[in-house]
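**Q** The following comprises the amino acid sequence and a computationally predicted model.
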Amino acid sequence: MNTTLIYAHRGASSLAPENTMAAFELARSAKAEGIETDIQLTKDQIPVLIHDENLRRTTNGTGFVQDYTYTELRMLDAGSWFSPEFSDCYIVTLDEFLRWFKEKPMFLNAELKTNVIEYKDIERIVYEALKKYDVVERTVISSFNSDTILRMKKINPSIKTAFLTSTKMINLPDYAKSLGADALHVKHRLLDKKLVKSCQKEKLNLRVYTVNRPSHMKKCYQLGIDGIFTDFPHQAREYRKLNHDNRKGFF
Ligand code: G3P
Ligand code: MG
């Protein structure tokens with residue numbers, strides 16, 4: 001059984017404002033093996049790391065990411081909503097993030113947020129950035145939108161992709177396979193032994209989000225899935241140490 005890798009979800013988002021450089025730095029200090037981040041496009045087609053289409057929840061701005069240029073977005077405060085000590089945090093471009101990430105021995109899960117707005121050309125723009133920094137091989141592209149998976153595979157059939165879902169579906173692994181995806185990323189309540197088995201049969205990697213509770217972490221480790229996305233990478237490392245050698249007979 002492989003070790004379950006820990007991806008810091010939106011960075012170490014329990015410790016710092018999600019998807020900011022502060023959260024990514026803390027993910028690295030927590031020794032997470034990977035970082036998960038969310039990508040949207042600005043009005044001038046710059047890929048930026050922000051979870052919501054709308055600026056309201058995580059910045060002091062209003063309206064939609066797609067209606068502003070990056071120069072405009074760069075002025076927003078993306079940290080005070082979390083805590084005043086992070087008031088210097090701002091919305092990061094994918095390019096700035098990759099400049100930092102390139103030197104770190106980590107994996108990346110770039111989630112393309114195309115399920116609400118289908119940003120034109122986002123797949124090609126993101127792919128070009130990954131290529132520029134030579135990180136394609138340690139990146140997996142995921143999306144809730146099947147068309148994004150299909151488009152990515154058309155751009156480069158060997159780039160790793162994952163179909164993301166929170167919906168229970170019969171034959172989910174078959175569906176992911178039919179898209180050409182290499183992995184399935186599911187919400188934790190969809191995880192059971194049957195899904196693990198069918199992913200193994202289809203040779204699909206299986207990763208689970210968002211795994212924050214110790215009991216959920218334990219279940220993931222004992223089932224030996226490929227990865228978890230967690231807001232608590234420190235604790236996930238500690239728990240993995242405790243659970244990894246004791247996986248037999250979980251069910
Ligand atoms: O990529 C896993 C997870 O991030 C998907 O959901 O809404 O947190 O981006 P969300
Ligand atoms: Mg995400």
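**A** Structure received. Ligands and ions are numbered 1, 2, ... in the order given.
**Q** Would you mind measuring from residue 50 to ligand 2?
**A** 10 Å (Cβ to the ion, to the nearest Å). C-beta: built from backbone N, CA, C; applies to glycine.
**Q** just checking, that residue touches residue 38?
**A** Yes - taking contacts as Cβ atoms under 8 Å, residue 50 lies within contact range of residue 38: 6.5 Å.
**Q** quick one: which of those two has more around it?
**A** Per other Cβ atoms under 10 Å, whichever of residue 50 and residue 38 has more neighbours is residue 50, with 26 against 19.
**Q** Next, see if stretch 196-215 gets close to ligand 2.
**A** No - judged by Cβ under 5 Å from the ion, stretch 196-215 stays clear of ligand 2, getting no closer than 7.2 Å.
**Q** any shared contact partners between residue 50 and residue 38?
**A** residue 19 (Cβ atoms under 8 Å, 6 or more residues apart in numbering).
**Q** Residue 93 pairs with what?
**A** Using DSSP bridges, the beta-bridge partners of residue 93 come out as residue 48.
**Q** ok, it - how many residues close by?
**A** 19.
**Q** Let me know whether it touches residue 69 as I believe.
**A** No - the criterion here is Cβ under 8 Å, and residue 93 misses it with residue 69 at 11.7 Å.
**Q** Tell me which residue of the stretch 1-150 of the chain lies closest to ligand 1.
**A** Closest approach of the stretch 1-150 of the chain to ligand 1 (Cβ to the nearest ligand atom) occurs at residue 111, with a separation of 4.4 Å.
**Q** so who does that residue touch?
**A** 36, 37, 38, 39, 141, 142, 143, 164.
**Q** between those, which is closest to ligand 2?
**A** Among the contacts of residue 111, residue 38 lies closest to ligand 2 (Cβ to the ion), at 4.4 Å.
**Q** Run the chain-centre distance for stretch 216-228.
**A** On the basis of Cα atoms, centre = their mean, to the nearest Å, stretch 216-228 sits 17 Å off its chain's mean C-alpha point.
**Q** Oh, that last question was meant for stretch 144-154, not what I typed.
**A** 16 Å.
**Q** same check, this time on stretch 134-143
**A** With Cα atoms, centre = their mean, you get 10 Å for stretch 134-143.
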